[in-house]
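**Student:** fold the stuff below for me.
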Amino acid sequence: MNTNFLLPKRTLRVFFLLITLIVAPAGILYAVAAFSVSATVETTAIGADQDDPAIWIHPSNPALSLVIGTIKSSGLAVYNLDGGLVQHVNQDGGMNNVDLRYNFPLGGETVDLVVATNRDSPINTLAMYRVNPVTRNLQNVTADPPITPILSEVYGTCMYLSPHNGKYYAFITSKAGIVEQWELFDNGAGKVTGVLKRSFDAGMAVEGCVADDVYAHLYVAEEDVGIWKYGAEPGDGDARTDVDTTTSGGHLTADVEGLTIYYTSANTGYLLASSQSVSEYVIYDRLSPNNYISTFNIVPGNGIDGTIKTDGIDISNAALGPLFPQGVFVAHDGNDDAGDSNFKLVPWQNIAAGPAPPLTIDTTWNPRLVGIKTEAKFIASINVGPAPLSVTFTNLSTGEYDTCLWLFGDGGSSSSCGNPTHTYTADGKYAVSLAISGSGGSDTHKRPEYIWVGEFKSLYLPVVRNP
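**Tutor:** Numbers count the residues shown, from 1 in each chain. Okay, the predicted model is just below:
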């Protein structure tokens, strides 16, 4: 057993429990009290050994988003948000854990990449899929030969998109406690392969993990011990801090299984974990030092049974149509009332209302923008004409940004991130620029002498000068 938990932090936890209050970094007081919620949707059960879910957000119609769940004996199940089965991928082996990221470069385009651990013996590999946004089906894009970890048996997995180098990684966990980090990339033939970049010993059995793509943190659940936080970059080594423990003074009960992160546009949010043996879910502040907030469980309600023996969990802050307009939490149910296993879906606002004060609800952060280069770009509706000349500028910028500054060249400006209209009243040639910035970075697009205002007679002067 690991013994390097920090004693002062444990003592502080006990003190907080005695006074029944937790102080968050911003000075907010959270009552230490468990609460209960009920699912509003459950998925069609496929056997008794489903395990881990991942939420895929549709690029244009969030109501068509999916829950992708593993089946240890027969692959992956793809579900609608109403729980109905869309696809059963059962030809590639038994899958244990699953995760996904958007905008993965593959075959000359960007795709939504799904990675799952294939525990079938002697396969013991990573299985790779892309999501077809039209059919909403998974398509196998595993390279031949596939990624075969050094681990004797693959167990859990989570993906990571580095904010520092833009590369994609998969972490693979094991019952022996060893964690491997693999860089993923196109093998040149439109298939996904990888190379081992890092390996470290997390202690005893490790399955659940989740990576923070903004803060470059990796959270690992050592099942009998607690949650550890590592650096997620391949050069970060094995230095770690403890988030919480299953021992006295902690808020977890072994086995510690699924981990997931609730993101917000303000780069705040929550880390959530499942305590399998007591069927509880523990909420922490996403910001260091990951203070404990509250604990909840999922009980029967709405004609749906509660959850027990939860393994994997996932969460989305996105507005996913009429069923989940403020986000959704998905939890594995190890023993559905029909005797099988499935996944339960809970509206995030029901969970957010549990602690006092309530948790944040923020549907504005868009995970589909992570991995897209932040690049400023715009065009004009017209470039040339007599004064007064009214010009509408179309913002074609990409990536994650939330602040904009337009400079129209005549002293006028706008902070709109939309498509502003500006009227030029004096003759002249004007440079126009757009500067954007946000969590994805910053960029400026400047076009000199872009707008020409006046009575220009040249036959060779184009009317619109957009590239």
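
**Student:** sketch out the low-pLDDT regions of the stretch 101-250 of the chain for me.
**Tutor:** By pLDDT under 70, the weakly predicted segments of the stretch 101-250 of the chain are 121.

**Student:** just the strands in it please.
**Tutor:** With strands called from DSSP state E, counting those that start in this stretch, the stretch 101-250 of the chain shows them at 109-118, 125-131, 138-140, 157-161, 168-172, 178-186, 192-201, 206-212, 217-222, 226-231, 240-245.

**Student:** thought residue 71 was touching residue 93?
**Tutor:** No - counting by CB atoms under 8 Å, residue 93 is not a contact partner of residue 71; they are 10.3 Å apart. For the C-beta atoms, the positions are set from N, CA and C on the backbone; glycine is no exception.

**Student:** overlap in contacts of these two?
**Tutor:** Residues touching both residue 71 and residue 93 by CB atoms under 8 Å, 6 or more residues apart in numbering: none at all.

**Student:** mind listing what's buried along stretch 144-157?
**Tutor:** For stretch 144-157, the neighbour count (16 or more other CB atoms under 10 Å) marks 146, 147, 149, 151, 154, 155, 156, 157 as buried.

**Student:** same deal with stretch 326-336?
**Tutor:** Burial within stretch 326-336, assessed by neighbour count using 16+ other CB under 10 Å, is assigned to 326, 327, 328, 329, 330, 331, 332, 333, 334, 336.

**Student:** so which of these is the closest to residue 196?
**Tutor:** Taking CB to CB as the measure, residue 196 lies nearest residue 332 of the buried residues of stretch 326-336, at 28.8 Å.

**Student:** farthest-separated two in the buried residues of stretch 144-157?
**Tutor:** Among those, the pair separated by the greatest distance (CB to CB) is 146 and 156, at 17.4 Å.

**Student:** contacts only, for the closest residue in space to residue 421 that isn't next to it in sequence.
**Tutor:** Nearest residue to residue 421, sequence neighbours excluded (CB to CB, 6 or more residues apart in numbering): residue 392, at 4.6 Å. Going by CB under 8 Å, 6+ apart, residue 392 touches 380, 381, 419, 420, 421.

**Student:** next one: residue 392 from residue 301, what distance?
**Tutor:** Using CB to CB, to the nearest Å, residue 392 is found at 51 Å from residue 301.

**Student:** kindly report the domain assignment for this protein.
**Tutor:** Following automatic domain parsing, the chain resolves into domains at 7-369, 378-453.

**Student:** most tightly surrounded among those?
**Tutor:** Most buried of the domains of the chain by mean neighbour count (mean count of other CB atoms under 10 Å) is domain 7-369; its value is a mean of 19.

**Student:** tell me the phi and psi of the residue sitting nearest the centre point of the chain?
**Tutor:** The chain has residue 367 as the residue nearest its centroid, 5.8 Å off, counting by CA atoms, centre = their mean. Phi and psi for residue 367, reported as degrees, to the nearest 10, are phi -70, psi -20.

**Student:** make residue 1 into 44 and carry on from there
**Tutor:** All set: I'll call the first residue 44, so the last point we hit is now residue 410.

**Student:** what does the pLDDT read for it?
**Tutor:** On the pLDDT scale, residue 410 is placed at 94.

**Student:** now do residue 454
**Tutor:** Per-residue confidence (pLDDT) for residue 454: 97.

**Student:** now the helices for this protein?
**Tutor:** Applying DSSP state H to the chain gives helices spanning 50-62, 391-395.

**Student:** worst average pLDDT in the ones you listed?
**Tutor:** For the helices of the chain, mean pLDDT drops lowest on helix 50-62, to a mean of 36.

**Student:** low pLDDT regions in the stretch 294-443 of the chain?
**Tutor:** Applying pLDDT under 70 to the stretch 294-443 of the chain flags no residue at all.

**Student:** all strands for it, in order.
**Tutor:** Using DSSP E, counting those that start in this stretch, strands in the stretch 294-443 of the chain cover 299-306, 312-318, 323-328, 335-341, 356-359, 371-376, 385-390, 421-423, 427-428, 432-438.

**Student:** out of those, which comes closest to residue 148?
**Tutor:** Closest approach to residue 148 among the strands of the stretch 294-443 of the chain (CB to CB): strand 299-306, 22.4 Å.

**Student:** how far out from the middle of the chain is that closest one?
**Tutor:** In terms of CA atoms, centre = their mean, to the nearest Å, the centre of strand 299-306 is set 10 Å apart from its chain centre.

**Student:** what packs against that strand?
**Tutor:** The helices and strands touching strand 299-306, judged by 3 or more CB pairs under 8 Å, 6 or more residues apart in numbering; DSSP states H and E, are strand 249-255, strand 260-265, strand 269-274, strand 312-318, strand 356-359.

**Student:** identify the residues contacting the nearest residue to residue 217 once chain neighbours are set aside.
**Tutor:** In space, residue 217 comes closest to residue 194 once its chain neighbours are excluded; the distance is 4.4 Å by CB to CB, 6+ apart. For residue 194, the contacting residues are 167, 215, 217, 219, 221, 223, by CB under 8 Å, 6+ apart.

**Student:** nearest to residue 329, of the residues you listed?
**Tutor:** The nearest member of the contacts of residue 194 to residue 329, counting by CB to CB, is residue 215 at 23.7 Å.

**Student:** that closest one against residue 199, yeah?
**Tutor:** Yes - between residue 215 and residue 199 there is a contact under CB under 8 Å: 7.4 Å.

**Student:** joint contacts of those two?
**Tutor:** With CB under 8 Å, 6+ apart as the test, residue 215 and residue 199 both reach residue 160.

**Student:** surely residue 240 meets residue 228?
**Tutor:** No - using CB under 8 Å, residue 240 is not in contact with residue 228; the gap is 11.4 Å.

**Student:** give me the phi and psi for residue 429.
**Tutor:** Per-residue torsions, residue 429: phi -80, psi 160 (degrees, to the nearest 10).

**Student:** reformat the buried residues of stretch 187-200 as JSON lines; add distance to residue 126.
**Tutor:** Below are the buried residues of stretch 187-200 laid out as JSON lines (distance: CB to CB, whole Å):
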{"residue": "189", "distance to residue 126": "31"}
{"residue": "190", "distance to residue 126": "32"}
{"residue": "192", "distance to residue 126": "33"}
{"residue": "194", "distance to residue 126": "34"}
{"residue": "197", "distance to residue 126": "28"}
{"residue": "198", "distance to residue 126": "27"}
{"residue": "199", "distance to residue 126": "24"}
{"residue": "200", "distance to residue 126": "24"}
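
**Student:** for residue 305, list each beta-bridge partner.
**Tutor:** For residue 305, the residues forming beta bridges with it (DSSP bridges) are residue 313.

**Student:** which ones are touching it?
**Tutor:** Contacts of residue 305 (CB under 8 Å, 6+ apart): 312, 313, 314, 315, 329, 358, 360, 370, 391, 403.

**Student:** how much space separates the fourth one from residue 299?
**Tutor:** Using CB to CB, we find residue 315 at a distance of 12 Å from residue 299.
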